[in-house]
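Student: Sequence plus the predicted model coming up.
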Amino acid sequence: MNKMKNKYSNKQLVKRFIPYYGNYKKIFAFDMLSAVFTVVSELTLPVIIGTITNKASSDISSLTIDFILRVALIYLGLKSIEILASYFMQKYGHIMGAKIERDMRKEVFTHIQTLSDEFYSNTKIGQLMARITTDLFDVTEFSHHFPEEVLVAFVKGTVAFIILININVPLTLIMFTMLPLMFILTKTVRGKMRDRQKDQRHHIGEINSNIEDSLLGIKVIKSFANEDIEIEKFEQNNHKFLDIKSGFYSVLAKFHMITRFLDACMYMIVLIMGGYLLINGSIEPGDFVMYIMYTTSLLTTVIRIVDFSEVFEKGMTGIERFAEIMDVTPKINDKENAIELKDVKGHIMFNDVTFSYNDDMTHPELRKDVLKNISIDIFPGQKIAIVGPSGGGKTTLTNLIPRFYDIDSGSITIDGFDVRDLQVSSLRNNIGMVQQDVYLFSGSIKENIRYGKPDASDEEVKRASELAGASEFIDILPDKYDTYVGERGIKLSGGQKQRISIARVFLKNPPILILDEATSALDNKSEQIVQQSLEKLAKGRTTITIAHRLSTVINSDTILVLTDNGIEESGTHEQLLANGAAYSRLYNTIENRSIQ
């Protein structure tokens, strides 16, 4: 997937993020209350110091030990409340943030499960990994710090403004005019920070993709002794990431420089004007001290918000990239009132089907039909084979039955029901697929076989492996069914992996079976064993077999020859050989190649 173009405003992203607090209303309310309590002592201290200073400067005799002790006890009580509130805010605020991060990660993972094969064909897995993992790391910090910082700033700003305006109106108005000026002057820089953050996140996805490619292709790399090339590619990506991150820190430094400069200007205004008012007797010494302390408190809050800007922009970037994925619309959906497919007989019909992978209607000249006006009638329990040159659309045709893609025109029906009118889950539950490229999940043999029926008993798993001819090698393994297969089944041979995948389908027990070149990557001995397993599996099921090795399909009820021109021939092996046309030429070419 290319770098997405969507652009969301902060307002849109915050509005989109707020509902995630809905499941944690109580903890959110206590977190906000704690945030308020953490500033009570800070807001009270200037009043206490100002009062003591005024008493000391006007009538020192009124400043008694008893008064100071009472004031100190009040402050101690307030400080104790602040400490407890801070503990709650730090602990449960972070926990709430982590829960929201978990919820979002579950939501995005669930969403990408609904996306079509077309999406995955155009998407780098490393980019998806970044969006599911690293993009959401900063959501924990953002989700509780953002409302806390906003609330604390509002409370401090409001209280400070009320008190300071009562001390001196002109000075307060001048000082508070500087605050919006600060945000206006930093707006452009904050926008650049957001862009740099997004560049960082995108490039982390590129690095993930680079690492994934290298690790999955490690045998190819070693066989060509190209380790240095891979290291160089990684270094280029790594250096580019450093450049992007350096650019972000450069913008961040400018941001801090501007805010610190304006911060210094505000202090200068208070010192100069406050000093002038003090000389003229227009302000009491205690009030001046109070004014300085509130100004310091206010500017400390501003600096906190400025420092929080980095966390804010990281959080916004993570939420934006989350929103981009969530806004990708699944192309394969259940219709309203979709029908559940039950009691399947296995009668499949292709009615004048046309299909193209290119759905970009802005460039119709690029559109090329992979399948055009295809009509096939497959009866229940019939064994159909599809043969033909590479690129003729054989795999594409079978992928249309379980709706991995939707057709452009025509219809595909199962037992008279258009597949587009069926519930996708019930459609796919009735179809079993055995492919050339077997994918085994990291885990045990038992877990991989049970993937065909998650609630299957151990006995059912063993029975399925016996039918698939897999028990022969499983029983001699030290850990038998608990044997760890490694990443993508790397610890097993091609034939062993294929038999496990067949056992998986035996366990699923579907009425419709699709075999996509299931033996083409195997040696002759493994092919014979797997072919026997496939024949057992196909018994009593509607079976569609794609094969390059024609010897595996000569016993099919009907063989279809699919080329760029569509279905050129159909019939039994003997009939097609007798025709002396496309199938005969294909068969003779393969046979001659085998002899050589």
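Tutor: Done, it's in. Computed from a prediction, not measured in an experiment: that's the story for all the values here.
Student: contacts and neighbour counts: CA atoms only from here.
Tutor: Noted.
Student: Which strand or helix spans Asn588?
Tutor: If you go by DSSP states H and E, Asn588 is part of helix 582-595.
Student: Confirm Ile319 sits in a strand?
Tutor: No - counting by DSSP: H, G, I helix; E, B strand; the rest coil, Ile319 is not found in a strand; it is helix.
Student: number of nearby residues for the closest residue to it other than its chain neighbours?
Tutor: Sequence neighbours aside, Leu13 is the residue nearest to Ile319 in space, at 6.8 Å (criterion: Cα to Cα, 6 or more residues apart in numbering). As a burial measure, the neighbour count of Leu13 was computed by other Cα atoms under 10 Å and equals 17.
Student: which element is Leu13 on?
Tutor: Secondary structure (DSSP H and E) places Leu13 in helix 10-17.
Student: Strands of this structure, start to end?
Tutor: Along the chain, the stretches classed as strands by DSSP state E are 348-356, 369-378, 383-387, 409-414, 417-418, 431-435, 512-516, 542-546, 558-563, 566-571.
Student: what about the longest one, average pLDDT?
Tutor: Think strand 369-378. The predicted model assigns strand 369-378 a mean pLDDT of 86.
Student: and the angle for that strand with strand 348-356?
Tutor: When axes from the mean of the first three to the mean of the last three Cα atoms, to 10 degrees is applied, the directions of strand 369-378 and strand 348-356 differ by 180 degrees.
Student: quick one: strand 369-378 to strand 383-387, angle?
Tutor: Calculated by the same axes, to 10 degrees, strand 369-378 forms an angle of 160 degrees with strand 383-387.
Student: I'd like to know which helix or strand in this structure has the lowest mean pLDDT.
Tutor: The helix or strand with the lowest mean pLDDT-type score in the chain, counting by mean pLDDT, DSSP states H and E, is helix 218-223 (a mean of 63).
Student: burial measure for the residue lying closest to Tyr8 once chain neighbours are set aside, as a count.
Tutor: The shortest distance from Tyr8 to any residue that is not its chain neighbour, by Cα to Cα, 6+ apart, is 6.8 Å, and that residue is Glu320. For Glu320, the neighbour count with other Cα under 10 Å is 25.
Student: just Tyr294 next, same as before
Tutor: Counted with other Cα under 10 Å, the burial measure for Tyr294 works out to 25 neighbours.
Student: And Ile49, by the same measure?
Tutor: Count around Ile49 with other Cα under 10 Å applied: 17.
Student: got it, and Met268?
Tutor: When neighbours are defined as other Cα under 10 Å, Met268 has 12 of them.
Student: Next one: it from Ser493, what distance?
Tutor: In this structure, Met268 and Ser493 are 77 Å apart, going by Cα to Cα, to the nearest Å.
Student: Please apply the same query to Phe355.
Tutor: The gap separating Phe355 from Ser493 is 36 Å, by Cα to Cα.
Student: Can you pick out the residue with more neighbours from the two?
Tutor: It is Phe355, of Phe355 and Ser493, that has more neighbours when counted by other Cα under 10 Å, with 23 against 11.
Student: Show me the beta-bridge partners of the more buried one.
Tutor: For Phe355, the beta-bridge partners under DSSP bridges are Leu371.
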